[in-house]
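Colleague: Let's see this in three dimensions:
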Amino acid sequence: MNAIHLRIGNNLQRVRKQRQLSLDKVADLTGVSKGMLHQIERGDTQPTVTTVWKIATGLNISFSSLIKEDESAISIVKRKDAPDITEDNGNCLVYLLFPFNPQTQIEMFTIILKPKGSYVSTPHNEGVQEYITVISGEFKISIRDDTYTLLAGEAIRFTGNASHKYRNDTDEDVILQVVMHYPET
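Modeller: Next comes the predicted model:
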């Protein structure tokens with residue numbers, strides 16, 4: 001398995017070259033600086049979750065297409081010891097379970113929010129749906145100006161093109177199963 005920052009760099013470069021885009025054009029589309037994009041492609045830096053989402057949204061691709069490894073016909077996934085990406089100073093841990101699949105148009109993650117941890121998501125592309133199931137803990141999510149509290153065993157679905165924030169206001173880990181469904185392009 002390649003280190004996550006190397007996979008992101010390789011996948012970004014592959015997508016950029018397939019689309020015959022310059023780094024300047026990708027910077028314009030994503031709002032990520034040309035210098036940062038160049039560092040990511042070289043594998044010199046590990047981008048934040050927010051940066052990866054900006055790139056994915058700007059290029060109209062799935063989040064997991066930037067962090068995935070090559071796929072085989074059957075996948076058995078065991079949670080890794082280390083998360084694929086972290087946010088909020090290590091208080092938000094993202095584990096990729098299944099990268100984007102063009103047949104199903106979905107990708108799946110486990111997210112662990114440490115006590116008092118949070119993650120602010122940039123709006124996704126039009127038509128993207130998020131499905132979140134709370135595996136353990138008490139989870140709060142703010143979508144636009146409304147806040148919802150969910151307990152273990154409860155789930156929420158919403159259109160991801162609105163600003164939204166994940167929060168854990170408790171003293172225990174919150175574990176989430178997140179499925180992202182992308183519209184067919």
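Colleague: Every contact and neighbour count from this point should use C-alpha atoms.
Modeller: Will do.
Colleague: Just give me the residue closest to the centre of this protein.
Modeller: Residue closest to the average C-alpha location in the chain (C-alpha atoms, centre = their mean): Phe63, at 4.8 Å.
Colleague: Test my guess that that one contacts Trp53.
Modeller: Yes. Between Phe63 and Trp53 there is a contact under C-alpha atoms under 8 Å: 6.1 Å.
Colleague: how does the chain divide into domains?
Modeller: 4-67, 85-181 (the TED database).
Colleague: and those domains as a markdown table, adding mean pLDDT?
Modeller: Output for the domains of the chain, formatted as a markdown table (pLDDT from 0 to 100):
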| stretch | mean pLDDT |
| --- | --- |
| domain 4-67 | 92 |
| domain 85-181 | 93 |
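Colleague: mind checking which of these is nearest Val77?
Modeller: For the domains of the chain, proximity to Val77 was assessed by C-alpha to C-alpha; domain 85-181 is nearest, at 6.3 Å.
Colleague: in this protein, which strand has the most residues?
Modeller: strand 92-101 (DSSP state E).
Colleague: strands paired with that one, and their directions?
Modeller: Strand partners for strand 92-101, identified by DSSP bridges, are recorded as strand 85-87 (antiparallel), strand 106-113 (antiparallel).
Colleague: chain center to it, what's the gap?
Modeller: Averaging C-alpha positions (C-alpha atoms, centre = their mean, to the nearest Å) puts strand 92-101 7 Å from its chain's average.
Colleague: any residues touching that strand, and which ones?
Modeller: For strand 92-101, the surrounding residues in contact (C-alpha atoms under 8 Å, 6 or more residues apart in numbering) are 62-65, 67-68, 77, 79-80, 83-87, 106-114, 117-119.
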